[in-house]
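Chemist: Please find the sequence and the predicted model below.
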Amino acid sequence: MRTVFCLLLAATIFIPGCSQPADRVAITEIREMNQEEQAAMPVLGTASRLGLEPSGPQRAPTPHNDDQPLPESGVMESAPLDPAHLHWQAPDGWRRGEERPMRLATYMPAATEATECAVTLLPGMAGGITANLNRWRAQLDLGPMSDDDILALPRLEMLGEQAAYLSVADAGGTVKLYGVICPIPGGLLFVKMTGPIHEMEPERERFEAFCRSMHVSEEQ
Amino acid sequence: MNILRRIYAFLASYGLSVALLLLLMALVFFGTLEQTRLGLYEAQRRYFESLVVVHPLFGWFPLPLPGGYLLLSLLFVNMLVGAIFRAPKRWRRPGLLIAHGGVLYLIVAGFVAYTYAINGNLPLYEGESGSRFQSYYEWEIRVAEMTSDEAGRVFIIPQQDFEDIGDGAGRVFHHQMLPFDLRVVRYYPNSRPAHGSGAWSVDGLELNPLPKERTAEHNVPGVFVTLHEPERPDASAAPGILWGMERAPWRLLADGREYAFSLRRREWELPFTLTLDKFNHETYPGTTMPRHFSSEMRLEEGGAERDVVISMNEPLRHRGYTFYQASWGPTDANPGDPLYTVLAVTRNPAGQWPMYASCIISFGLLLHFGQALFRYLKQQSRARQAKS
């Protein structure tokens, strides 16, 4: 009995020394923040925020008093696009998925099991086109592209812009990604489709047609 | 069962005690030497708060050593089993048993302090009040929910939850009240922002990792994070860079609400407010060496107020917190300039335990040696009586 107790004691002491957080962690600590603290949080662009540029213009830090959405850069260059004014024509056979936060729409092509096309609009530069394209490549365990590589990417005409069009598969040839990033007034529009390579390839033309069909209209 | 008995006998053995004490001695020696190279905080973390440490002997030979956590844990088990359970009990001479109990208490105090103690500082100018103190070394990611008509919430991710992130996919943090998941993809303990367009860049900027500073307080960490839909890590994500010295938080709209993301020194709330009424300091004549400095404070709690003075060697202890007079400034202030005080703040549930443990050990040893002396004197007295 004493032996078992002794071993249990040793385990109890050592286990906390070896513990590590899981890959998905719930946030458990919440504090209250008053208006004074909020007022001490000016809106700056990334370079100004990180001290690589002078502070420049700042916006009032209470967005709910504003009638325009917040750009990430902190400087509004033109009237931002109202997502409600963005329209498209979904290809035949594409089924619209459930509403999800941060997405304008999700589609699942017919006769596919794990393929999904997402339309997302983010305000401001949202990190920039280069970083987002490289982030998509990193999701397939591919290395980053240089600015020259990105300039050499094929373009897809949508919303009056020549949008960078990424079409890549992972090194193992199992997963494919089609992605288009299109600058729009006040932000960036992302159209990204991922899935198994055998499901993706027959959908390529429909994906491109879907992107080209995007247009802005004040009709609801 | 035979194997279990052998393990029990090994854990209770004097041989293990001697080996552990020798290893502790070596660890303290090497750890102290390494403080000159790594700095106090890093040496303490690597040598005394670890299970295993690899010491560069002569600067190049990798010598693996058990870390302080492992050695003290084993010593605790060894003393508990060997000196308390297994050792023959001589209830007429309880001194050694009491002294061993005191040593065990001391080790437990160290464990409680390591696990639960928090340390930080509270700087206050004259006339200023504070009810939060901040860490010297630890940082936190704050996700602030911005509101216009009510108190907002700040969701806190402490450094200990993301400091071990390596080159993998990072770690996802979530809360049911947030319309997104936040993934910490990269963590740099010391970094500076620079222009770049790598995979972890945002708007043509990225964080350049730097070697850690010897003085841990001088490190400025940074993180690369992405936001994505809850439980959809492969979905389109908004990337951002948070840096410890940034001028303003990263702000973004998500699901119709605005959020501010920042990386700041870890902060803890105090259950009361301290106000610095006056700071006094005196130096030795003709020098800048401090002779005496003290802070005249006002402590407000639940509508009641009382005056307190915190000075060198006379800390304020209140509600489990201890406030020491640590520093002050500006050191080049002219007469009449406003001064500030820096209070070192500690919350350690075991703060007084080492003193109690020392008293127990002293009592046990005094009893043991007192009895030994008494026995010796008695024997001498008997011997003298026998001779006469």
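Modeler: Yep, it's here.

Chemist: Below-threshold pLDDT in the chain: ranges please.
Modeler: Reading this off chain A. The model of chain A has pLDDT under 70 over residues A:1-21, A:35-36, A:39-40, A:54-81, A:101-102, A:123-127, A:186, A:218-220.

Chemist: other chain: chain B
Modeler: B:1, B:148-151, B:231-236, B:286-290, B:331-336.

Chemist: For the stretch 201-350 of chain B, which residues are neighbours of chain A?
Modeler: Taking C-beta under 8 Å from any C-beta of the partner chain as the contact definition, the stretch 201-350 of chain B meets chain A at B:201-205, B:226-230, B:232, B:234-241, B:243, B:245-255, B:258, B:260, B:262, B:269. C-beta here means a position set from N, CA and C on the backbone, and glycine is covered the same way.

Chemist: now the helices for the stretch 1-150 of chain B?
Modeler: Ranges of helices in the stretch 1-150 of chain B, per DSSP state H, counting those that start in this stretch, are B:2-11, B:14-38, B:40-43, B:68-79, B:95-116.

Chemist: make that chain A, sorry
Modeler: For chain A, applying DSSP state H gives helices covering A:2-18, A:35-39, A:46-49, A:129-139, A:147-151, A:197-200, A:204-212.

Chemist: now the longest helix seen in chain B against helix B:95-116, angle please.
Modeler: Looking only at chain B and at elements set by DSSP H, the helix with the highest residue count is helix B:353-387. Using axes from the mean of the first three to the mean of the last three C-alpha atoms, to 10 degrees, the inter-axis angle of helix B:353-387 relative to helix B:95-116 is 170 degrees.

Chemist: in helix B:353-387, what counts as buried?
Modeler: With burial defined by 16 or more other C-beta atoms under 10 Å in any protein chain shown, the residues of helix B:353-387 counted as buried are B:Trp353, B:Ala357, B:Ile360, B:Ile361, B:Gly364, B:Leu367, B:His368.

Chemist: Quick check: the gap between the first one and B:Thr32.
Modeler: Between B:Trp353 and B:Thr32 the computed distance is 24 Å (C-beta to C-beta, to the nearest Å).

Chemist: now the second one
Modeler: Using C-beta to C-beta, one obtains 23 Å as the distance from B:Ala357 to B:Thr32.

Chemist: Next, the contact list for B:Gly204, please.
Modeler: When contacts are counted by C-beta atoms under 8 Å, 6 or more residues apart in numbering or on different chains, B:Gly204 touches A:Ala47, A:Gly128, A:Thr130, B:His195, B:Gly196, B:Ser197.

Chemist: quick one, phi/psi of B:Lys212?
Modeler: B:Lys212 has phi and psi values of phi -70, psi 140 when expressed as degrees, to the nearest 10.

Chemist: meant to ask about B:Ala260
Modeler: Torsion angles at B:Ala260 (phi, psi; degrees, to the nearest 10) stand at phi -120, psi 130.

Chemist: Bridged to it, which residues?
Modeler: B:Ala144, B:Arg251 (DSSP bridges).

Chemist: Neighbours of the closest residue to B:Lys89 other than its chain neighbours, how many?
Modeler: Spatial nearest neighbour of B:Lys89, chain neighbours left out: B:Leu97 (7.2 Å); criterion: C-beta to C-beta, 6 or more residues apart in numbering or on different chains. The number of residues packed around B:Leu97, counting by other C-beta atoms under 10 Å in any protein chain shown, is 18.

Chemist: On the three-state scheme, the nearest residue to B:Gly244 once chain neighbours are set aside is what?
Modeler: In this structure, B:Gly244 finds its nearest non-sequential neighbour in B:Val220, 4.2 Å apart by C-beta to C-beta, 6+ apart. Secondary structure, DSSP: H, G, I helix; E, B strand; the rest coil: B:Val220 is coil.

Chemist: List the contacts of B:Glu49.
Modeler: B:Glu49 neighbours (C-beta under 8 Å, 6+ apart): B:Gly67, B:Gly68, B:Tyr69, B:Tyr114.

Chemist: before we move on, what about A:Leu177?
Modeler: A:Trp136, A:Gln139, A:Leu140, A:Leu166, A:Ser167, A:Val168, A:Ala169, A:Lys192, A:Met193, A:Thr194, A:Met200.

Chemist: any chance of the residues you listed in JSON lines, with distance to B:Val342 too?
Modeler: Converted to JSON lines, those look like this (distance: C-beta to C-beta, whole Å):
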{"residue": "A:Trp136", "distance to B:Val342": "47"}
{"residue": "A:Gln139", "distance to B:Val342": "46"}
{"residue": "A:Leu140", "distance to B:Val342": "50"}
{"residue": "A:Leu166", "distance to B:Val342": "52"}
{"residue": "A:Ser167", "distance to B:Val342": "58"}
{"residue": "A:Val168", "distance to B:Val342": "54"}
{"residue": "A:Ala169", "distance to B:Val342": "58"}
{"residue": "A:Lys192", "distance to B:Val342": "50"}
{"residue": "A:Met193", "distance to B:Val342": "56"}
{"residue": "A:Thr194", "distance to B:Val342": "53"}
{"residue": "A:Met200", "distance to B:Val342": "60"}
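
Chemist: now, which of these sits nearest chain B?
Modeler: The shortest approach to chain B among the contacts of A:Leu177 belongs to A:Lys192, at 5.5 Å (C-beta to the nearest C-beta).

Chemist: Tell me, how many residues neighbour the residue lying closest to B:Pro211 once chain neighbours are set aside?
Modeler: Nearest residue to B:Pro211, sequence neighbours excluded (C-beta to C-beta, 6+ apart): B:Asn190, at 6.8 Å. Burial of B:Asn190 is recorded as 18 neighbouring residues (other C-beta under 10 Å).

Chemist: What of A:Phe210?
Modeler: 24.

Chemist: Next: A:Thr28.
Modeler: Neighbours around A:Thr28, by other C-beta under 10 Å: 11.

Chemist: now the one 4 residues further on
Modeler: For A:Glu32, the number of neighbouring residues by other C-beta under 10 Å comes to 11.

Chemist: partner residues bridging the closest residue in space to A:Arg155 that isn't next to it in sequence?
Modeler: For A:Arg155, ignoring the flanking residues on the chain, the nearest one in space by C-beta to C-beta, 6+ apart is A:Gln162 at 4.0 Å. Applying DSSP bridges to A:Gln162 gives these bridge partners: A:Glu157.

Chemist: Could you measure from A:Gln162 over to A:Val180?
Modeler: With distances taken as C-beta to C-beta, A:Gln162 is found 11 Å from A:Val180.

Chemist: So between those two, which is more surrounded?
Modeler: A side-by-side neighbour count of A:Gln162 and A:Val180, using other C-beta under 10 Å, places A:Val180 first with 26 against 12.

Chemist: how is chain B carved up into domains?
Modeler: B:2-116+B:352-387, B:118-131+B:271-347, B:136-267 (automatic domain parsing).

Chemist: how about JSON lines for those domains, with distance to A:Thr120 added?
Modeler: Listed next are the domains of chain B as JSON lines, based on distance: least, C-beta to C-beta, whole Å:
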{"stretch": "domain B:2-116+B:352-387", "distance to A:Thr120": "41"}
{"stretch": "domain B:118-131+B:271-347", "distance to A:Thr120": "40"}
{"stretch": "domain B:136-267", "distance to A:Thr120": "4"}
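
Chemist: I'd like to know which of those is closest to A:Glu53.
Modeler: Closest of the domains of chain B to A:Glu53 is domain B:136-267, at 9.8 Å (criterion: C-beta to C-beta).

Chemist: What is the end-to-end distance of that closest one?
Modeler: One end of domain B:136-267 to the other measures 10 Å (C-alpha to C-alpha, to the nearest Å).

Chemist: For that domain, what is the distance to the chain centroid?
Modeler: How far domain B:136-267 lies from its chain's middle: 23 Å, per C-alpha atoms, centre = their mean, to the nearest Å.
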